[in-house]
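Colleague: Quick one: sequence and predicted model below, then my questions.
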4 protein chains.
Amino acid sequence: MAGKTPFRIALMGAGRIGKVHGMNIHHHPDTVVHYVVDPHEASAKALADSVGATVAETDTVFTDDDVDAVVICSATPTHSDFIERGLLAGKAVFCEKPIDLSIDRVNAVLEKTRDCTAPFLLGFNRRFDPAASSMHARVQAGDIGDVELVTVISKDPEPPPLEYVKVSGGLFRDMTIHDIDMARFLLGEEPTSVVATASALTSQAIADENDVDTACLTLLCDSGKMAVITNSRRASFGYDQRIEVHGSLGSLRTENVPATTLVLERAEGVRRDSPMHFFIERYQEAYKLEWQHFVDVLKGECPASPTGVDGQKALLIADAAYESLKTGGHVSLK
Amino acid sequence: MAGKTPFRIALMGAGRIGKVHGMNIHHHPDTVVHYVVDPHEASAKALADSVGATVAETDTVFTDDDVDAVVICSATPTHSDFIERGLLAGKAVFCEKPIDLSIDRVNAVLEKTRDCTAPFLLGFNRRFDPAASSMHARVQAGDIGDVELVTVISKDPEPPPLEYVKVSGGLFRDMTIHDIDMARFLLGEEPTSVVATASALTSQAIADENDVDTACLTLLCDSGKMAVITNSRRASFGYDQRIEVHGSLGSLRTENVPATTLVLERAEGVRRDSPMHFFIERYQEAYKLEWQHFVDVLKGECPASPTGVDGQKALLIADAAYESLKTGGHVSLK
Amino acid sequence: MAGKTPFRIALMGAGRIGKVHGMNIHHHPDTVVHYVVDPHEASAKALADSVGATVAETDTVFTDDDVDAVVICSATPTHSDFIERGLLAGKAVFCEKPIDLSIDRVNAVLEKTRDCTAPFLLGFNRRFDPAASSMHARVQAGDIGDVELVTVISKDPEPPPLEYVKVSGGLFRDMTIHDIDMARFLLGEEPTSVVATASALTSQAIADENDVDTACLTLLCDSGKMAVITNSRRASFGYDQRIEVHGSLGSLRTENVPATTLVLERAEGVRRDSPMHFFIERYQEAYKLEWQHFVDVLKGECPASPTGVDGQKALLIADAAYESLKTGGHVSLK
Amino acid sequence: MAGKTPFRIALMGAGRIGKVHGMNIHHHPDTVVHYVVDPHEASAKALADSVGATVAETDTVFTDDDVDAVVICSATPTHSDFIERGLLAGKAVFCEKPIDLSIDRVNAVLEKTRDCTAPFLLGFNRRFDPAASSMHARVQAGDIGDVELVTVISKDPEPPPLEYVKVSGGLFRDMTIHDIDMARFLLGEEPTSVVATASALTSQAIADENDVDTACLTLLCDSGKMAVITNSRRASFGYDQRIEVHGSLGSLRTENVPATTLVLERAEGVRRDSPMHFFIERYQEAYKLEWQHFVDVLKGECPASPTGVDGQKALLIADAAYESLKTGGHVSLK
C-alpha cells in the first residue's frame, strides 16, 4: 500500500468522534477524506463539505477501488459488519472500540477475517496519549525494573444519557474496557483472573437498568503481578484519568491535565484549573497520534497495534468482571 | 483527672517508637516521663536520662499511684497484658497498635476491660496527620457530598527484616491494618465484606514465610460505598502514603510530602526531592498531635478516639482479608 | 469585509514561523492561503504546495483584488514596507513583530497609515496563550484587586546563531520586547520609566557584538505599580515562560508547561518532563487562537489587538532600556 | 568551650521570637535556658517558668561566669550594646538581626569587638531553611554550573503595625535585608552596585511615614552576575518566600510550603492549602537548625556563619538601595 499517498479514507459515521477523526484525516498531509457515510444525511453532508469529501452509500465504500481505508465511527451494532466487509474487501480498517458488545460476535469477526492481510487497528486511543505511551516506553526500557502493580484511575465527568446506558453494554464493556486495555498494555503479561466490586451510586436510572457506576476491578497474573482499576461514572470536577505503574526499582505515574497552568492565590486558598472536561479535549493529541500511527501502518512502516485480538481480550475480561459481580469472587480468564 | 498537670507518664518500651513518644511527652508542657520500662536496661537508662525519668520495673508502673497514664511501645506480645493491667489499675492507656495479633485475645481484652472508666487510646497515628485529619473534617463538613469511593495507597520503602516478618502477623495485620483503619475513618460506614488479592514479589524470604508483600483489598459497605487499598512492602523511592476520597460533589486527595520543595531543572529533566523516607519522619507531626489529643483526653476535654474497638474491627477485616486469599472471593464481615 | 469567507490570505515568508501561520490559515474553515511569497523559491513552492496555494511575486499581493489580507512572516527589514503597502492597498494586515527595529521607521509607518481603515494586528502571540489570556481576564474581573507588581520570567533555551544576533536589534528589541508587551498588557497602565541591568554571560560572541544576554528590567508607572522582567538567552532546561501578577487581593501566576505529566519516582529523586523546548511548541495553541482572533477581526466582530501602537510603545521601552544601560539609572518614557 | 554541655544560655527578650529560641534551647539536649531577661517582668517570668530558668537582670548576664552564651531577641536598639558586652565578656553571642539600624553603629560594634575570640552568630535564619541550604549546597556542588541570576521573591502576609513601621528602619533595613543576605549567600560574589525601584501601595500609613512597601532591587556583581529581589508588605494569601538560582547548566528553585498537601477538587476548580502564614510557621525548622548550628559552634566544631560582617554588608546594600530611590540609578557599593 506504500507510496500512493494521499490515502483515500471512507469515514463511516459523522457524529462527535467521526468529526474528530474526519478533521485529523483532513489535516494530515498523507490522507484525505474521500467518502462520508451516515444515515443522518445532514450530518454526513456537513462533515463532507467541511473536508471536501463526497457523501456516499455504505455499499460504495466497500466496492470502490479508490477507497484505501475505512474508518468506522458509526453506531456500535454496525462495527462488526463493517470490519468484516472492509477487511474482506482488502481495505485497511480503523474501528472505534468496541468490535461488538457480544464476545461471540467478536470471536466470529476475528475468525472470519483471520486470513485477511489488510491491517486492522482498534481504537483504544489512550495508548497514544503522549504520557501513556511515554510511560509504556519507560516501562519497556526497564526504568522501574519489574512491573508489580498497575493502577488505573478512570472517572467520567458525568453519567451518559439513559438512552445510551441502555445500549452501552454496561459500565465494564463501555467504559472500563479502556482501562482494562491500559492495564494489559502496561502489565506486559496476560491477567489470568479478575475480581470486581461495584455499585450504583450516581443515579437511580443506572440502578434501574441493573447496571453499576462505581467499581473496582483487580486483575491478577500468574506471576503475581496485578492491576487495580477504579471507576466512577461521575467526577464532578472533570475527567479523571490517571495511571500508575509500580515496579521493583521505582514508580511511574501520570497526572490529570488542567486546561491551563494558571494559579490563583487568595486568602481562601490556592486555586488551579480543573482537569480537561472529557475525552474529546483530554485525548485530542492522542487522536492525532493514533491517526499518525494508522498512516504509518498504511505506509507499511509498522504493524497495527492494538488490534482485534486486544479488543477480544479486553471484552473477555469485562465479561468476567460481570460474572465476578454475581459470584463475589475471582473469575478465571484461562 | 483534670487539673493535676503535669501528668506523669510511664513509658513501656524504649525502642524507636518509644523514643518518639518519649520526646513528645517530655517536650509537652503538661506531661512528664515519670518511668521508663524496657527489658533492655541500657536502652531504658539512656531514654530515662534524656528525659529526666526513672528506670522502673513493670510492676511498679501498675501499682504506683503517681503514674497517671501508661504509654505502651513495647513488643507486640506484651500489649494486651499491659492494656489490661493499666486500665484495671485505673490508669489512662495509650497503646501502639496492635492490641494483639489474635482476634480472640483482642476480644478478651475488650471484654475484661469493658467496665473500666479510664480512657484507652489506640495508636492509629495516621488519623492525626494534618492532611488526613483535615480531609476527614472536610468530608464531615460535606465538602464532597456523599462519600462513594475511598482509595488508600500505602507502600513502605523497604521490606522489614526477616525476623520481624516472622512475628509481624503478616502484611495485613501488621501494615495494611493502618490502611483499613484509615478506610473506616473516612468511609463513615462499616464495611460488610472484603476481598483481597495478593502476592509475594519483593523477596523470596517473604514468600518462604507464606506471607505476601503486594496487595489490593476492596472493602464494600451495604450502601454500596467502597474502599480500595493497595500495598507494597517496597517502594524504592520512599514512603508512599496517599489517600483519596471520591464523593458525589468532588474529591479530596493527599499527596506525598517531599523533604523540601527544592526543584532542580536541567537539560535531562526536572527533579524534585523524594517523599520522606519512612514513618518516623513522615508522621512526626502526627505523633505530636496524637500526643496532644491524649493530653486533651487526660484533661477530660474529649473522649479518646480511636479506641480498642477500632483496633478490633480493623483486625477483623485483616483476618477476613487473609480468609479471602484462600477463598478467592468476598468474605462477609457481619 | 464580513461574509465573503473563506478569506484569501497572502503569506509573505515561508520560513519557520511562516509555516506555522500557513498551516493555521489552511486548517481554519474560514481562511485559505492564496499566495505564498518568499525570495527562496523552493521554500515558497514547498509551502504553497502543502496548502494548495500559488507562489506569487511581492507586487501581485498588493495589487490583486482577490487578496483579503496579508500575513507578514518575512525578514524583519521588509516588515514596515509590507505593512504600509498592505494597509494603503486596503488589505487587512497581520505582521509578526517587530514593525521595524528603528523607532523612527516605526513612527513613520504609523504616521503614513494613520487614515487606513483596514485592520492591523501585530503578532505579540503570547497575549493569546490560554494561560496568559485567562490571567488577563481574571485581572480585568478584579479577582486580585488592584495590580501592584507584574513579574515576567522569560528565558530562551539557547542563544540564537551569531548571524541572527547581528541583525536582531539586540536582546531588548528582539526578545525582551515580548515581555515588555506582556507587562503593558497586564499592568493596565503605561509605564513612565524603566531601568535596566544587564550583562553578557552566555557566550563571548554576544559580548563581542556589544549585546547582552542576561538582564533585569524594572518598569515603573506613575501610580507606583511596577513590572519586573528577567531574561536569559540560555536556559539549559528549556523555554522558561512564567508570569505573575501580584495584586491587593491576591496573586495570579502561570507555570511552565511540560511535554507530559509523566512522573518517574526512583531512589534518586522524583523526575518530571522538562518545559516544552521553545516557542513553536509552547505557543502552538496561542498561534491558533491568534489566528482565530484575526479571523474574527476580518469578520468585523472585534477590533484588532494588539496593534501597531503596541509595537511602537514596546519598542520605545526597549530603546529606553538600552539608554538605561548607559546612564545606569531610570530613563523616563514620557 | 567544647565538652561542658549542657551549655547555659542567657536569653535576652521574651517576646515572640524569644519564645521560639527559648523552646529550641530548652528542647535541645546540649543546651539549657539559664537566665531570661526582659523589661516586661510577666513575660520574662512566664518564659522562664516554662523552661525551668531564672529571671535575671541584664548586668547579671554579662558578669555571671555560669553563662556560656547570650541569645539576643530583645528590641533592636539594645542589640549592639548587648553584642559588645557579651563578646567582650568572652561569651558566645547569637543575635537576631539587625545589629543596628545605623551603619555607623554597626561599624563601631565590629571595630570594638574585632579582637574578641568568642563566636558571634547573626540570625539570618533563612540560610538554615532546609530548602535554601540544600539549594546552596547544590550550587556549591556545581549542579547548575556558574551562577548567573538569583531571584528572591519575598512578601509578608500583611503590613506590620504602624508603631513598628516607625521604628523598623524602613522596608529595606527591616525586611529586604533578609533577601539581600540570601542573594549574597547564593551569588558567591559580592554585589558592587544596586538599583532600587519602590512605592507605597498597601497602606496610606506607610506612605505617610515616607516608607515604601512594594519594591524591586537589582544587585550587580563585577562579573556580570546579578540578583533580583521583589518585595511586598502584603500578600493576601500568606507568606510568599521563593528563591531561584539560574546558572549555566540549569536552575534551582524553591516553592512555597502549604500547611498540608490536601487537594480539594470540585466543579469550580482545584483547591490547595495556602502557603504557611508567616515566618514563625514557615521557618520553624530553620530556627531549629540554626540553633543546632550555634550548638555546633559552641562545641568548636565549626565557625559561626553568618556573622556580623554579613549583617554589615547587607545593611550597606539596604542603605544604598534607599540612596538609589533618591538618585533613580545604580549606587556603587565599593
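Modeller: Sure thing, it's come through.
Colleague: who in the stretch 151-300 of chain A is up against chain B?
Modeller: For the stretch 151-300 of chain A, the residues found near chain B under the criterion C-beta under 8 Å from any C-beta of the partner chain are A:151, A:153, A:155, A:193, A:195, A:197, A:199-202, A:214, A:216, A:218, A:220, A:223-226, A:228, A:230, A:232, A:234-237, A:240, A:246, A:248-251. To be clear about C-beta, it is placed using only N, CA and C from the backbone, and glycine gets the same treatment.
Colleague: any weak-confidence spans in the stretch 1-150 of chain A?
Modeller: Counting by pLDDT under 70, the ranges of the stretch 1-150 of chain A that qualify are A:1-3.
Colleague: And the strands in it, which stretches?
Modeller: A:7-12, A:31-37, A:54-55, A:69-72, A:92-96, A:120-123, A:147-155 (DSSP state E, counting those that start in this stretch).
Colleague: got the contact list for A:Glu323?
Modeller: A:Val331 (C-beta atoms under 8 Å, 6 or more residues apart in numbering or on different chains).
Colleague: Please, where are all the helices along chain A?
Modeller: Under the criterion DSSP state H, chain A carries helices at the ranges A:16-27, A:41-51, A:58-63, A:76-88, A:103-112, A:130-140, A:162-167, A:171, A:177-187, A:204-208, A:279-282, A:284-298, A:308-327.
Colleague: measure the residue most central in space within chain A to A:His178 for me?
Modeller: Among the residues of chain A, A:Phe124 comes closest to the average C-alpha position under C-alpha atoms, centre = their mean, at 2.8 Å. A:Phe124 is 6 Å from A:His178, where distance means C-beta to C-beta, to the nearest Å.
Colleague: So for chain D, which of the strands of the stretch 1-150 of chain A sits nearest?
Modeller: Nearest to chain D among those is strand A:147-155; the distance by C-beta to the nearest C-beta comes to 10.6 Å.
Colleague: which helices and strands sit right next to that closest one?
Modeller: Packing contacts for strand A:147-155, counted by 3 or more C-beta pairs under 8 Å, 6 or more residues apart in numbering or on different chains; DSSP states H and E, involve helix A:177-187, strand A:226-232, strand A:240-247, strand B:214-221, strand B:226-232.
Colleague: Any residue of the first one touching chain C?
Modeller: No. Using C-beta under 8 Å from any C-beta, helix A:177-187 never reaches chain C; the gap is at least 12.6 Å.
Colleague: List the contacts of stretch A:128-146.
Modeller: For stretch A:128-146, the external contacting residues (C-beta under 8 Å, 6+ apart) are A:126-127, A:147, A:182, A:185-186, A:188, A:243, A:245-252, A:254, A:283, A:285-287, A:289-290, A:293, B:201, B:236, C:259-262, C:264, C:266.
Colleague: Where do the domain boundaries of chain A fall?
Modeller: With domains defined by automatic domain parsing, chain A comprises A:7-118, A:127-285+A:314-332.
Colleague: Mind listing what's buried along stretch A:322-334?
Modeller: By neighbour count with 16 or more other C-beta atoms under 10 Å in any protein chain shown, stretch A:322-334 contains the buried residues A:322, A:324-325, A:328-331, A:333.
Colleague: Same question for stretch A:53-71.
Modeller: A:53, A:55-56, A:58, A:61-62, A:67-71.
Colleague: likewise stretch A:114-127?
Modeller: Within stretch A:114-127, the residues that count as buried by 16+ other C-beta under 10 Å are A:116, A:118-127.
Colleague: State the distance from A:Arg16 to A:Gln284.
Modeller: Between A:Arg16 and A:Gln284 the distance is 13 Å, computed by C-beta to C-beta.
Colleague: Could you check how far the closest residue to A:Phe7 other than its chain neighbours is from A:Phe120?
Modeller: The shortest distance from A:Phe7 to any residue other than its chain neighbours is 4.3 Å, reached at A:Asp68 (C-beta to C-beta, 6 or more residues apart in numbering or on different chains). The spacing between A:Asp68 and A:Phe120, counted by C-beta to C-beta, is 14 Å.
Colleague: Overlap in contacts, the two.
Modeller: When C-beta under 8 Å, 6+ apart defines a contact, the residues bordering A:Asp68 and A:Phe120 alike are A:Ala92.
Colleague: Could you report the neighbour count for the closest residue to chain B within the stretch 1-150 of chain A?
Modeller: Here the stretch 1-150 of chain A gets closest to chain B at one residue, A:Glu148, 5.0 Å apart by C-beta to the nearest C-beta. Counted with other C-beta atoms under 10 Å in any protein chain shown, the neighbours of A:Glu148 add up to 23.
Colleague: now swap in A:Ala205 and tell me
Modeller: 15.
Colleague: what pLDDT does it get?
Modeller: Note on A:Ala205: pLDDT of 90.
Colleague: before we move on, the earlier item: now the common contact residues for A:Phe124 and A:His178.
Modeller: A:Lys97.
Colleague: before we move on, back to that, turn the buried residues of stretch A:53-71 into a markdown table, columns for distance to D:Ala207.
Modeller: Written out in a markdown table, the entries for the buried residues of stretch A:53-71 read as follows (distance: C-beta to C-beta, whole Å):
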| residue | distance to D:Ala207 |
| --- | --- |
| A:Ala53 | 68 |
| A:Val55 | 72 |
| A:Ala56 | 75 |
| A:Thr58 | 78 |
| A:Val61 | 76 |
| A:Phe62 | 80 |
| A:Val67 | 76 |
| A:Asp68 | 74 |
| A:Ala69 | 72 |
| A:Val70 | 73 |
| A:Val71 | 67 |
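Colleague: From A:His27, how far off is A:Val295?
Modeller: In this structure, A:Val295 lies at 12 Å from A:His27, with C-beta to C-beta as the measure.
Colleague: More neighbours: which of those two?
Modeller: Between A:Val295 and A:His27, counted using other C-beta under 10 Å, A:Val295 has the larger neighbour count: 21 against 14.
Colleague: contacting residues for A:Val106?
Modeller: When contacts are taken as C-beta under 8 Å, 6+ apart, A:Val106 is in contact with A:80, A:98-100, A:308, A:311-312, A:315.
Colleague: switch to 7 Å and redo it
Modeller: Counting by C-beta atoms under 7 Å, 6 or more residues apart in numbering or on different chains, A:Val106 touches A:99-100, A:311-312, A:315.
Colleague: Grab the nearest non-local neighbour of A:Leu264.
Modeller: In this structure, A:Leu264 finds its nearest non-sequential neighbour in A:Arg271, 4.5 Å apart by C-beta to C-beta, 6+ apart.
Colleague: quick one: contacts for the one you found?
Modeller: A:264, D:269-271.
Colleague: can you check A:Asp181 too?
Modeller: Contacts here follow C-beta under 7 Å, 6+ apart; on that basis A:Asp181 touches A:124, A:306, A:310, A:314.
Colleague: can we see that at 10 Å?
Modeller: Contact partners of A:Asp181, counting by C-beta atoms under 10 Å, 6 or more residues apart in numbering or on different chains, are A:97, A:122, A:124-127, A:152, A:306, A:310-311, A:313-315, A:317-318.
Colleague: In chain A, which residue sits furthest out from the middle?
Modeller: Within chain A, A:Ala267 marks the point farthest from the mean C-alpha position, 42.2 Å out by C-alpha atoms, centre = their mean.
Colleague: Contact partners for the closest residue to it other than its chain neighbours?
Modeller: With C-beta to C-beta, 6+ apart as the criterion, A:Ala267 has its nearest non-adjacent residue at 4.9 Å, and that residue is D:Ser236. By C-beta under 10 Å, 6+ apart, D:Ser236 lies in contact with A:265-268, C:144-145, C:246-251, D:155, D:157-158, D:274.
Colleague: Put the buried members of these into a ChimeraX selection.
Modeller: Selecting the buried subset of these in ChimeraX, with 16+ other C-beta under 10 Å as the burial test, is done by:
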select /A:265,266 /C:144,246,247,250,251 /D:155,157,158,274
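Colleague: Of the contacts of D:Ser236, which is the nearest to B:Val109?
Modeller: Nearest to B:Val109 among these, counting by C-beta to C-beta, is D:Ser274 at 43.9 Å.
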